[in-house]
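*Asks:* Pasted the sequence and its predicted model underneath.
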Amino acid sequence: MSDPGPRSYWPLFDLVIRTPRLEIRLPREDEFGALLAVIEDGIHDPSTMPFRHPWTDQPRARRERESAQWWWRQRAEWSVDNWSYVGAVYVDGQVVGVQDLLAVHFAQLRSVTTGSWLGRRHQGQGLGKEMRQAILHLAFAGLGAEEALSGAFDDNAPSLGTSRAVGYLDNGEQRAARSDDVGRLVNLRMDRERWSTARRDDIALSGLEGCLDMFIGTPRI
């Protein structure tokens with residue numbers, strides 16, 4: 001009997017989001033090394049910590065193991081009521097970062113949350129904005145989302161600047177644990193109407209039909 005290949009039982013591998021500058025898709029296991037190399041090369045100023053959990057400060061061996069565990073876990077625990085699409089971002093075939101799209105009870109709430117990181121050597125070139133616009137196209141145009149949420153600590157100017165440039169509006173603040181301290185988290189939100197006013201016509205989705213039920217469930221007949 002021939003091997004049907006992973007696409008037959010994990011159709012998320014077929015989903016690709018393309019813009020004129022980049023593409024986002026689920027990384028294969030043999031591409032984890034390229035992602036880890038980007039992380040090792042640096043994704044933020046070592047004197048700062050943009051993440052709630054300081055995973056980039058871990059010793060290299062532990063960081064690599066826990067990163068792989070995280071990517072595996074998102075797939076193993078995927079359900080229509082709680083999913084996390086961890087898409088690798090590629091420019092000219094080379095991985096440069098990660099763009100996430102997460103949701104809980106999406107079929108009912110139509111609300112998503114975005115998160116991302118980008119290698120330092122690729123920052124300052126507009127790629128952060130481009131990959132956010134790409135994942136928002138999947139959310140709104142592909143999945144029918146009604147809102148997208150994001151957030152960053154108040155001293156993370158690049159992340160906040162990207163969100164606001166794409167069209168998110170400030171949506172309140174909150175105290176949040178940050179390593180062994182407490183920081184001020186700025187929340188942001190974009191609704192469907194606001195996204196529609198700046199919608200791009202040069203972003204394409206392929207392979208979504210085969211995995212759509214994994215995001216929104218199977219329609220009742």
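*Replies:* Cool, got the structure. In this text, all values refer to a predicted model and were calculated from it rather than measured experimentally.
*Asks:* Okay, now the unreliable bits of the protein?
*Replies:* Where the chain drops to pLDDT under 70, the residues are 1-7, 47, 49-52, 54-55, 219-221.
*Asks:* can you give me the strands for it?
*Replies:* Remark: strands assigned in the chain by DSSP state E are 16-18, 23-25, 82-91, 94-104, 111-118, 147-153, 169-178, 181-191, 204-206.
*Asks:* In CSV: those strands, plus distance to residue 212 and mean neighbour count.
*Replies:* For every residue, glycine as well, the C-beta is placed using N, CA and C. Formatted as CSV, these follow (distance: least, C-beta to C-beta, whole Å; neighbours: other C-beta atoms under 10 Å):
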stretch, distance to residue 212, mean neighbour count
strand 16-18, 14, 20
strand 23-25, 16, 21
strand 82-91, 12, 20
strand 94-104, 13, 20
strand 111-118, 15, 21
strand 147-153, 18, 22
strand 169-178, 28, 12
strand 181-191, 22, 17
strand 204-206, 10, 14
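*Asks:* Now render these as a markdown table, adding distance to residue 198.
*Replies:* Formatted as a markdown table, the strands of the chain follow (distance: least, C-beta to C-beta, whole Å):
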| stretch | distance to residue 198 |
| --- | --- |
| strand 16-18 | 17 |
| strand 23-25 | 19 |
| strand 82-91 | 20 |
| strand 94-104 | 18 |
| strand 111-118 | 15 |
| strand 147-153 | 12 |
| strand 169-178 | 12 |
| strand 181-191 | 9 |
| strand 204-206 | 17 |
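*Asks:* Give me the contacts around the lengthiest helix in the chain.
*Replies:* If each helix of the chain is counted by residues according to DSSP state H, the longest one is helix 60-76. Here helix 60-76 makes contact (C-beta atoms under 8 Å, 6 or more residues apart in numbering) with 10, 12, 27, 32, 35-36, 39-40, 55-56, 58, 84-86.
*Asks:* Buried ones only from those, please, as a PyMOL command.
*Replies:* In PyMOL, a selection of the buried entries from the contacts of helix 60-76 looks like this (16 or more other C-beta atoms under 10 Å):
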select buried, resi 12+27+32+35+36+39+56+84+85+86
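*Asks:* Restricted to helices, list the contacts of helix 60-76.
*Replies:* In this view, these that belong to helices under DSSP H are 32, 35, 36, 39, 40.
*Asks:* Pick out the residue nearest the middle of the protein.
*Replies:* What sits nearest the mean C-alpha location of the chain, by C-alpha atoms, centre = their mean, is residue 100, with 1.3 Å.
*Asks:* Can you verify my assumption that that one contacts residue 89?
*Replies:* No: using C-beta atoms under 8 Å, residue 100 is not in contact with residue 89, being 10.6 Å away.
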